[in-house]
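J.: okay, predicted coordinates and the sequence, questions at the end:
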Amino acid sequence: MKFIDLARTRYSVRSYAARPVAEDDLNTILEAARLAPSANNAQPWYFIVVRGEDARRAVARAYPRDWFRSAPVIIVVCSEPSAAWVRRDGKNYSEVDAAIAMDHITLCAADLGLGTCWIAAFDPVTLSEALGLPAHVSPVVMTPLGYPTDSPPARKSRKPLPEIVRYERWS
Ligand SMILES: Cc1cc2nc3c(=O)[nH]c(=O)nc-3n(C[C@H](O)[C@H](O)[C@H](O)COP(=O)(O)O)c2cc1C
């Protein structure tokens, strides 16, 4: 698929079939995440794949929604801020890097006919406990992964280019 069509095709899926995700497809998606760029190539990330019934239930306690719990796979993108590139003014890029990796995950999944939905509105303490994360690793964003059972909704509106693009300078 052409990239622009892929970007148009992906949408947030909030309804999943129980059908397991093919191992090859999961590995392709993880490879897409691995290939993501990161500041100074620091790769300050971990990808936690949650498939077991009990493990998914524990993770869903951090984001209690039936549609989320029903997906056969959850991928949690975690960052290790102490491993990330830090700009001179102190800005740590670990979350930017994690977000790029998640974008690779969601777009690669869409290319394979699989659904995803970025989830940030979770309880980080509950999620870290459910995953047994060490203190130096934080969950940044997660997604269910599976076959959609809904139909693509009408495209969510986006701001028109003239409203968000400036050329050369702000004004
Ligand atoms: C950083 C980020 C966090 C998000 N967190 C949530 C979330 O916690 N729950 C949810 O249902 N959707 C979440 N979304 C999905 C957005 O609501 C969705 O991407 C947006 O409304 C555009 O819709 P679309 O993905 O279908 O194009 C999140 C998206 C992003 C990029």
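T.: Cool, got the structure. Numbering: from 1, shown residues only.
J.: now the longest helix seen in the chain: mean pLDDT?
T.: The residue-count maximum for a helix in the chain (DSSP state H) belongs to helix 94-111. Per-residue pLDDT over helix 94-111 has a mean of 98.
J.: let me see the contact set for the residue nearest to residue 69 when sequence neighbours are not counted.
T.: Spatial nearest neighbour of residue 69, excluding adjacent residues (CB to CB, 6 or more residues apart in numbering): residue 60 at 4.1 Å. Every C-beta, even on glycine, is put in place using the N, C-alpha and C of the backbone. By CB atoms under 8 Å, 6 or more residues apart in numbering, residue 60 lies in contact with 68-69, 74.
J.: cool, residue 138 as well?
T.: Contacts of residue 138 (CB under 8 Å, 6+ apart): 78-81, 124, 128.
J.: pull out the buried residues from stretch 155-171.
T.: By neighbour count with 16 or more other CB atoms under 10 Å, stretch 155-171 contains no buried residues.
J.: same question but for stretch 108-121, I mixed them up
T.: Under the neighbour-count criterion of 16+ other CB under 10 Å, stretch 108-121 has 108-112, 114-117, 119 buried.
J.: Throw those residues into JSON lines and include distance to residue 53, thanks.
T.: Below are the buried residues of stretch 108-121 laid out as JSON lines (distance: CB to CB, whole Å):
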{"residue": "108", "distance to residue 53": "25"}
{"residue": "109", "distance to residue 53": "21"}
{"residue": "110", "distance to residue 53": "26"}
{"residue": "111", "distance to residue 53": "28"}
{"residue": "112", "distance to residue 53": "24"}
{"residue": "114", "distance to residue 53": "20"}
{"residue": "115", "distance to residue 53": "20"}
{"residue": "116", "distance to residue 53": "20"}
{"residue": "117", "distance to residue 53": "20"}
{"residue": "119", "distance to residue 53": "19"}
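J.: which one among those gets closest to residue 95?
T.: Distance to residue 95 across the buried residues of stretch 108-121 (CB to CB) is lowest for residue 119, with 14.6 Å.
J.: so what touches stretch 81-101?
T.: Defining contact as CB under 8 Å, 6+ apart, one finds that stretch 81-101 is touched by 33, 36-40, 42-45, 47, 77-80, 136, 138, 140-141.
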